[in-house]
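**Student:** need coordinates for the following:
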Amino acid sequence: MKTLLLALAAATSALTPAVALAQDTRAGVPSPGDNVVARGSSPDGSITVSVAIDGDGRATYAIARRGKPVIRPSALGFLFTDARKIDRALALVSTSQSKSDTSWTQPFGEWKTIRDNHNELVVRLRETKNLNREMVVTFRIFDDGVGFRYSFPDQPNLHHANIAEELTQFALAEDGTAWWKPAFEWNREEYLYNKTPVSAVGTAQTVFTAKLASGTHVAIHEAALVDYSAMNLAQVAGTTTLKAVLTPGSGAPKVSRDAPFATPWRTIIIADDAPGLYMSHIELNLNEPNKLGDVSWIKPGKFVGVWWNMIKGDWTWATGPKHGATTANVKRYIDFAAANRIPGVLVEGWNVGWNGDWFGDGNAMEFDQPTPDFDADELARYAKSKGVYLIGHNETGGSASHYDAQLDRAFKFARDHGIPAIKTGYVTDAGEIERVDADGSKHREWHEGQWMVNHYSRVVETAAKYRIGIDSHEPVKDTGLRRTYPNWLSREGGRGMEYNAWPGKNPPEHETNMFFTQWLGGPMDFTPGVLSLTGSEGSPLQSTEAKQLALYVVIYSPVAMAADTPENYAKHMDAFQFIRDVPVDWSDTRVLNGEVGDYVTVARKDRGSNDWYLGSITDENARTLTVATDFLDKGKTYTAQVYRDGDDADYKTEARHSIKIETIKVRGGDTLTIKLAPGGGQAIRFVAPGGRIRR
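**Tutor:** Below you'll find the model as predicted:
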């Protein structure tokens, strides 16, 4: 090893000081018995990554922040189904590093302009015996975290890889509190979050968030999940080390790829506090730029829908006396949308195939054949005459191959009827997706296995040919691919509003958990805005009315639903005004305060004006928060339209409807006091000087 290090030092003398080739025993790097072969740092020097090789040739990486360990030495490597693992007998072949500091513009999103400032460290490893295979590990080191991925060149002993498992580990340097939801359970991603010590985590989906004992916040996820299996995390028993567990497929390998190929990025966001996690752009920056070219045809917007009555059980998706998707019902929703400046109307249950037992078997679904009581041509004409568009719904019932066979005609039908976006669905138990191969053989896949990851990509790419946006439900998790495919508008992938229609409702802390976990990955079609605060059979939601409004600012999605019915909104028109006004496209976002699972306050600037909007929500506890309005132009006076919990508001009583709406003047730089009721929230529109207040 000494000879290797001397040769390496001579070969890499041109490298900048961010790469060190020596043993190092400082905090956060490998132990004295390991050889540190490379080190890289973030642009501001606060985060360092060290790569080491021990005496058995095992490679590890470690991450330190401000000289203190965050990730202790953690394994790198792979298991294969048909070849020896890549783990031992590794030696360093070469290292290289580069710097990049650029900015790019989102066509729509939470921020208009995003800076991508990172240093890159590339480490090339080769087996010294066995098959002499090469593995490259690339680290991109940001001021707020690290992304790394593996790549494999095409080589004599690795033309094709059948991956059984990654050996990747994340050895958190401290115990602490973790927020996570279980992986590999029947209900896919739709679970409430557990709050446990890191050392008590089971098998978790990502995004996985932890607050370490020192107060440092860490979020582990992945970026650019393409042609690969999604990563989950499993605790190494009794420790604070987590290991990667890939989602299975229908065959023995979890991933099957021809070389050359690269894995998704494994991401670790590191921040002083919870708001810092959300303000990171690592997920988007680790995805490839837009591949679609001109995407001016994508128009973010709000929508109402023939939906909530079905979720509650008042209407049906199937045809019959309670069928929701009738021409008459849809026209009524179109009228309501037009009257309230809401551009879209979602319709579910409009197509042939809903009659019978479709759950887990959508082979009767036809996505260009309306039911007899749904006049698609007339509704397309009527919607256009009202300045409204329809949003389609394609529910597959988990029959993914059946949907694959219809993609072109489904999206052509949508285009021909003026439908710019489609909500897709894959309602079946985890591991029960039906795949049918060309020879007619049937297989069962997981929603986040490699085959389904590729299916979701096929859907988005085919939709783009027809200028259709996709809102995926029962999806693969968000890993930032909306940058590469901007028509991938939003997705579900968690417990949304529909759970508030049924027994076992979402608790008040649910959204404050999701903000610092799932929503770090990207937008969610959560479908807020149920101002009636009632689900099936009049059962109460665990929310105040003001919180339903605040969710439109707290939750980012370029397609945001006003989920309640026109009849219910007619009873709450004063509060509904905020839903009419709030935009869905932003030029800037600030997280003003927050603690995971407790509360959060978010301010966002409208991309179409100089107005700002604020949303603040809490869990089951009442809170009083102070917020500096430094996001407003200093010294300028704004008209603040405030929608706050009434003094007696409480999600546990009928006072959940208690709401106070008032208008005050606020100067940029003022401090506001925000009082939140139990299960409550507050929403504010800051109208800029000269801005228009509409009623």
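**Student:** what about the helices in the stretch 401-550 of the chain?
**Tutor:** Assigned by DSSP state H, counting those that start in this stretch, the helices in the stretch 401-550 of the chain fall at 407-416, 450-465, 510-515, 545-554.
**Student:** surely Arg58 and Ala75 touch.
**Tutor:** Yes. Counting by Cβ atoms under 8 Å, Arg58 touches Ala75, with 6.9 Å between them. In short, each C-beta sits where N, CA and C put it, glycine included.
**Student:** point out the most buried one among the helices of the stretch 401-550 of the chain.
**Tutor:** helix 545-554 (a mean of 28; mean count of other Cβ atoms under 10 Å).
**Student:** which other residues reach that helix?
**Tutor:** 511, 515, 526, 528-531, 533, 560, 572, 575, 578-579, 582, 600, 602-604, 613-617, 643-645, 649, 651, 656-659, 677, 679-683 (Cβ atoms under 8 Å, 6 or more residues apart in numbering).
**Student:** take that helix, keep the C-alpha atoms, and write them as CSV.
**Tutor:** C-alpha atoms of helix 545-554 as CSV (Å, rounded to 0.1, in the frame of the first residue of the first chain):
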residue,chain,number,x,y,z
GLU,A,545,-60.4,25.7,8.5
ALA,A,546,-57.4,28.1,8.5
LYS,A,547,-55.0,25.2,8.2
GLN,A,548,-56.6,23.9,5.1
LEU,A,549,-55.8,27.3,3.5
ALA,A,550,-52.3,27.4,4.8
LEU,A,551,-51.5,24.1,3.1
TYR,A,552,-51.7,25.8,-0.3
VAL,A,553,-48.5,27.6,0.6
VAL,A,554,-46.8,24.9,2.7
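**Student:** helix or strand next in line after that helix, which one?
**Tutor:** strand 559-561 (DSSP states H and E).
**Student:** about what we covered before: mutual contacts of Arg58 and Ala75, please.
**Tutor:** Asp87.
**Student:** in which helix or strand would I find Leu672?
**Tutor:** Going by DSSP H and E, Leu672 is in strand 671-676.
**Student:** for that strand, packing partners?
**Tutor:** strand 612-618, strand 623-628, strand 637-645, strand 681-687 (3 or more Cβ pairs under 8 Å, 6 or more residues apart in numbering; DSSP states H and E).
**Student:** can you rerun that using 6 Å?
**Tutor:** strand 623-628 (3 or more Cβ pairs under 6 Å, 6 or more residues apart in numbering; DSSP states H and E).
**Student:** direction included, what does the strand it packs on pair up with?
**Tutor:** When pairs are called by DSSP bridges, strand 623-628 turns out to pair with strand 671-676 (antiparallel).
**Student:** let me have the partner strand in PDB, keeping just the CA atoms, if that works.
**Tutor:** Extracted as PDB, the C-alpha positions of strand 671-676 are listed here (Å, rounded to 0.1, in the frame of the first residue of the first chain):
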ATOM      1  CA  THR A 671     -42.100  41.200  12.900                       C
ATOM      2  CA  LEU A 672     -45.400  39.300  12.900                       C
ATOM      3  CA  THR A 673     -46.900  37.200  15.700                       C
ATOM      4  CA  ILE A 674     -48.600  34.100  14.400                       C
ATOM      5  CA  LYS A 675     -51.000  32.300  16.800                       C
ATOM      6  CA  LEU A 676     -51.900  28.800  15.800                       C
END
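**Student:** for that strand, buried residues please.
**Tutor:** Within strand 671-676, the residues that qualify as buried are 672, 674-676, counting by 16 or more other Cβ atoms under 10 Å.
**Student:** from the chain's centre, how far out does stretch 455-473 sit?
**Tutor:** Relative to its parent chain, stretch 455-473 has a centroid offset of 17 Å by Cα atoms, centre = their mean, to the nearest Å.
**Student:** kindly report the same for stretch 238-253.
**Tutor:** 20 Å.
**Student:** returning to that earlier point: so can I have JSON lines of the helices of the stretch 401-550 of the chain showing mean pLDDT?
**Tutor:** Listed next are the helices of the stretch 401-550 of the chain as JSON lines, based on pLDDT from 0 to 100:
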{"stretch": "helix 407-416", "mean pLDDT": "98"}
{"stretch": "helix 450-465", "mean pLDDT": "98"}
{"stretch": "helix 510-515", "mean pLDDT": "98"}
{"stretch": "helix 545-554", "mean pLDDT": "98"}
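**Student:** figure out which of those helices is closest to Gly398.
**Tutor:** helix 450-465 (10.0 Å; Cβ to Cβ).
**Student:** contacts for the closest one?
**Tutor:** Contacts to helix 450-465, defined as Cβ atoms under 6 Å, 6 or more residues apart in numbering, come from residues 227-229, 249, 255, 292, 400, 407, 411, 433, 435, 445, 470, 476, 485, 487-488.
**Student:** in the protein, where is pLDDT below threshold?
**Tutor:** For the chain, the stretches with pLDDT under 70 are 1-34, 694-695.
**Student:** okay, now the domains of it?
**Tutor:** 2-102+112-285, 497-558+585-695 (automatic domain parsing).
**Student:** would you map the strands across the stretch 101-250 of the chain?
**Tutor:** 113-127, 134-142, 145-152, 160-166, 169-172, 176-180, 194-197, 203-204, 208-212, 217-223, 231-235, 241-246 (DSSP state E, counting those that start in this stretch).
**Student:** most packed of the ones you listed?
**Tutor:** Of the strands of the stretch 101-250 of the chain, strand 217-223 is the most buried (mean count of other Cβ under 10 Å), at a mean of 25.
**Student:** which strands or helices does that strand pack on?
**Tutor:** Against strand 217-223 (3+ Cβ pairs under 6 Å, 6+ apart) you get strand 208-212, strand 265-271, helix 274-278.
**Student:** output these as TSV; include the columns distance to Asp633.
**Tutor:** Formatted as TSV, the helices and strands packed on strand 217-223 follow (distance: least, Cβ to Cβ, whole Å):
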stretch	distance to Asp633
strand 208-212	33
strand 265-271	27
helix 274-278	22
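**Student:** so for Asn394, which of these sits nearest?
**Tutor:** Of the helices and strands packed on strand 217-223, nearest to Asn394 by Cβ to Cβ is strand 265-271, at 30.0 Å.
**Student:** and the helices in the stretch 1-150 of the chain?
**Tutor:** 2-11.
**Student:** residue contacts, Ile433?
**Tutor:** 398, 400, 445, 452.
**Student:** quick check: closest non-adjacent residue to it.
**Tutor:** Glu445 (4.2 Å; Cβ to Cβ, 6 or more residues apart in numbering).
**Student:** let me see the contact set for the one you found.
**Tutor:** 250, 433, 435, 451-452.
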